[in-house]
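> whatever this is, show me its structure:
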Amino acid sequence: MQMAGTGTLMTQSRCDRCSATGPAHDFVSAGSDGTWRVLCSRCFNTEMAQFADLHEFEHPSFAPLRLRDVDDNNHEFHFRSLLLGDQLSLEAFELVGDDEAAGYRFQILGEANAEPFALLARLVQKMKRALSMKHLNDDAGSLQIAEMTLRGRVEWNGDERVRQPCVIVDGRRIEWDDLGAMLLAFEAWQFRLEMLDPSDEA
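Numbering: from 1, shown residues only. From the prediction side, this is the model:
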C-alpha cells in the first residue's frame, strides 16, 4: 500500500472505508494497484496491520497537548499515528488554520508492537528539546539568525507556478527570499547543509 499527502488545507474529510468524518489532518490518501482512497488513520492502520499480519495491533490515539516554547508562547500539538509495515510512526504537529505544514512538526519511529505511551514519551521529550531552542531573533521587525546554527524544515511554498520552497523555523514560515536575506549577514562565510529524515534528531 502506498500513501500520499494528507489533505492539509481541507477542513473535514470522509473515510472511504468506514464513512467516518473528521478533521483532514487525521486522514491519508492511500492506494494500491492504481486505486486511491481517502482513509482515516484508524482504517489505514487496520488495513496495514492486516497486510503486515499483525493480529494484535491496536490503533493508538492521543489527545492534543499544549507546550510552551523558550519565549513562553503556547503551542497546541495534535497527534497522528500511522502503521508503516513493521514500524509505527507517531507525529505531532501544530495547526495554523487547517494547515499542518505551517508550524512545528515532529515525528518519531518505533517498532510496530512498541508500547504507544512509551513512544509518546520519547516524542514529547524531543518536542520539549526543540521548543527550548531559539534560532531566529526579531530585530525591529527584521528577522535575523540568532546564532551559528539554523534548524528547520523544508516545505512547499504552495505556489504551483514557482518551483521554490519555504522553510519552517521556530514554528514559523519563512519565505525563500527572506531566508536569503538573513543569510546575507554571513556573506563570505562557509556553510554546511545537512538533510535529515523527519524522525531523526536535528
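> not counting its neighbours along the chain, what's nearest K134?
Excluding the flanking residues, the one nearest K134 by CB to CB, 6 or more residues apart in numbering is V70, at 5.0 Å. (C-beta placed from N, C-alpha, C; glycine too.)
> ok, now which ones touch the one you found?
Going by CB atoms under 8 Å, 6 or more residues apart in numbering, V70 touches L131, S132, M133, K134.
> mind showing which ranges of the chain have poor pLDDT?
1-10 (pLDDT under 70).
> would you map the strands across it?
Counting by DSSP state E, one finds strands in the chain at the ranges 2-3, 12-14, 21-23, 27-32, 35-40, 65-68, 74-84, 87-93, 105-111, 136-139, 142-145, 153-156, 165-169, 172-175.
> who wins on neighbours among the contacts of V70?
Taking other CB atoms under 10 Å as the neighbour criterion, L131 ranks highest of these with 20 neighbours.
> ok so, going back, now the strands of the chain as JSON lines including distance to M182 and mean neighbour count?
Putting the strands of the chain into JSON lines (distance: least, CB to CB, whole Å; neighbours: other CB atoms under 10 Å) gives the following:
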{"stretch": "strand 2-3", "distance to M182": "34", "mean neighbour count": "12"}
{"stretch": "strand 12-14", "distance to M182": "37", "mean neighbour count": "15"}
{"stretch": "strand 21-23", "distance to M182": "34", "mean neighbour count": "14"}
{"stretch": "strand 27-32", "distance to M182": "34", "mean neighbour count": "19"}
{"stretch": "strand 35-40", "distance to M182": "39", "mean neighbour count": "17"}
{"stretch": "strand 65-68", "distance to M182": "25", "mean neighbour count": "13"}
{"stretch": "strand 74-84", "distance to M182": "22", "mean neighbour count": "18"}
{"stretch": "strand 87-93", "distance to M182": "24", "mean neighbour count": "20"}
{"stretch": "strand 105-111", "distance to M182": "21", "mean neighbour count": "18"}
{"stretch": "strand 136-139", "distance to M182": "8", "mean neighbour count": "12"}
{"stretch": "strand 142-145", "distance to M182": "5", "mean neighbour count": "14"}
{"stretch": "strand 153-156", "distance to M182": "16", "mean neighbour count": "14"}
{"stretch": "strand 165-169", "distance to M182": "9", "mean neighbour count": "18"}
{"stretch": "strand 172-175", "distance to M182": "8", "mean neighbour count": "16"}
